[in-house]
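This is a predicted model, with the sequence first.
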Amino acid sequence: MDYRALVEQYGSPLYVYDFDVIEKNYNSIKNAFKARKSLIAYAVKANSNLSVLKHLAQLGSGADCVSIGEIKRALLAGIPNYKIIFSGVGKRDDELEEALQKDILFINVESEAELMRLEQIAKSLGKVARVSIRVNPNIDPKTHPYISTGLSENKFGIAIEDAKRLYLYIKKSPFLEAVGIHFHIGSQLTELEPIKEASQIVAELLRSLQKIEIDIKFFDVGGGLGIVYKDEKTIEPYDYAQAILASLKGTDVTVICEPGRFIVGNAGVFLTRVLYEKKSGDRRFVIVDGAMNDLLRPSLYNAYHEIEVVGKDEPKSKADVVGPVCESGDFFAKDRLLPLTEHGDILVVKSAGAYGFVMASNYNTRPRPAEVAVQNGKSRLIRERESFEYIIEKEVRFLV
């Protein structure tokens, strides 16, 4: 890919997504589950650009959403309502009401209090809410603590011992229908055993529910499959699917998988231009026009992204890659071996297709970058770079 030409055409900083890679990744996980009825429900939070969603909709994808805004995006992009799931630990009344009105596939319930609230809203609308309970199997996913979700200390899901009682409550309610069971133990998972163990635990609960005639139709395994950022050993989609399917022998449920990062993470890069280099004692700083407001992961998680300098591969020395934002936490890399750079050089920050633009902000009154799709060797703009006027338009009319 000609990154220099893309920067010359669309400016910098810039997000670029390879739609051919997105399609390849989607098909690899879809094919892994082809032995059983399944739905791949893309986790919209990873990258919610409408063109990305439309591309996935055309491939047959569903959508896992964590806000009513994401549900609206999915519908606008052409994902049908019967392939949309609403997850998340803190859903507002208006979000639950609108999700019911839009007749989506089901709502993943994360607490007893939420279930009671949903029942009241469904009753007020004269509707039956299709629900799935997110079960917390108390399994250590062996990932970063900020993206771990399957332990009892995390805020997500309902303990196994409580879930069965709530399913019994749902069965008796005229305004609730239990259609699914769900678990998701974390993101950037690189070890198969925790997934296998969690699936076995939740499958046992599924069987116990079926014995008491609670007709669960969907077994939602969440997402979280890891990708390579540096040197991680990742899980093959086939092995992932087989571990889950093995736990479901003798059942007739549709498996739902909710990959996000796996589909888009390594399909995207973040391009940023060098402004200048700076020496401070024995520290070398490569100062670029991108910043933590554009790509937050390194500052938030101390996350690693591989970085290369376009057209340069000469002897390297250690450098910190930093941005213009007025925070010491504004960096993309520390002590990274890089060639000497000069004004105008382009840095490629790899594996930036997931949790990149979606976490961007206007901190320091900086416009968010443009987004570009590349497909079949051709590029197109899929989100304009923001202007100063765009940033202030919700404030300026209140000036007095």
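In hand now; what should we look at?

Flag every buried residue along the helix or strand hosting Leu206.
Secondary structure from DSSP states H and E places Leu206 in helix 192-211. Buried residues in helix 192-211, counted by 16 or more other Cβ atoms under 10 Å: 194-203, 205-206, 209. (Each C-beta comes from the backbone N, C-alpha and C, glycine too.)

just the helices in the stretch 101-250 of the chain please.
112-125, 160-172, 192-211, 237-246 (DSSP state H, counting those that start in this stretch).

mind giving me TSV with those and columns for distance to Ser379 and mean pLDDT?
Formatted as TSV, those follow (distance: least, Cβ to Cβ, whole Å; pLDDT from 0 to 100):
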stretch	distance to Ser379	mean pLDDT
helix 112-125	43	97
helix 160-172	47	94
helix 192-211	37	93
helix 237-246	28	95
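
possible to save those as CSV with distance to Tyr276?
CSV is the format used below for the helices of the stretch 101-250 of the chain (distance: least, Cβ to Cβ, whole Å):
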stretch, distance to Tyr276
helix 112-125, 51
helix 160-172, 56
helix 192-211, 45
helix 237-246, 44
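
Relative to Glu97, which of the ones you listed is closest?
helix 112-125 (5.4 Å; Cβ to Cβ).

in terms of contact, does Tyr26 touch Ser61 like I think?
Yes. Contact criterion Cβ atoms under 8 Å: Tyr26 and Ser61 qualify, at 6.4 Å.

Pull up the overlap in contacts between the two.
Taking Cβ atoms under 8 Å, 6 or more residues apart in numbering as the criterion, Tyr26 and Ser61 both touch 40, 42.

could you list every residue that touches the residue most central in space within the chain?
Geometric centre of the chain, nearest residue: Ala46, 2.5 Å, by Cα atoms, centre = their mean. Counting by Cβ under 8 Å, 6+ apart, Ala46 makes contact with 260-261, 263-265, 353-355, 358.

if you set the cut-off to 6 Å instead, what comes out?
Going by Cβ atoms under 6 Å, 6 or more residues apart in numbering, Ala46 touches 260-261, 264, 354.

For the residue nearest to it when sequence neighbours are not counted, grab phi and psi.
Nearest residue to Ala46, sequence neighbours excluded (Cβ to Cβ, 6 or more residues apart in numbering): Gly260, at 3.0 Å. Backbone torsions of Gly260, given as degrees, to the nearest 10, read phi -130, psi -70.

quick one: contacts for Gly260?
Gly260 neighbours (Cβ under 6 Å, 6+ apart): 43, 46, 223.
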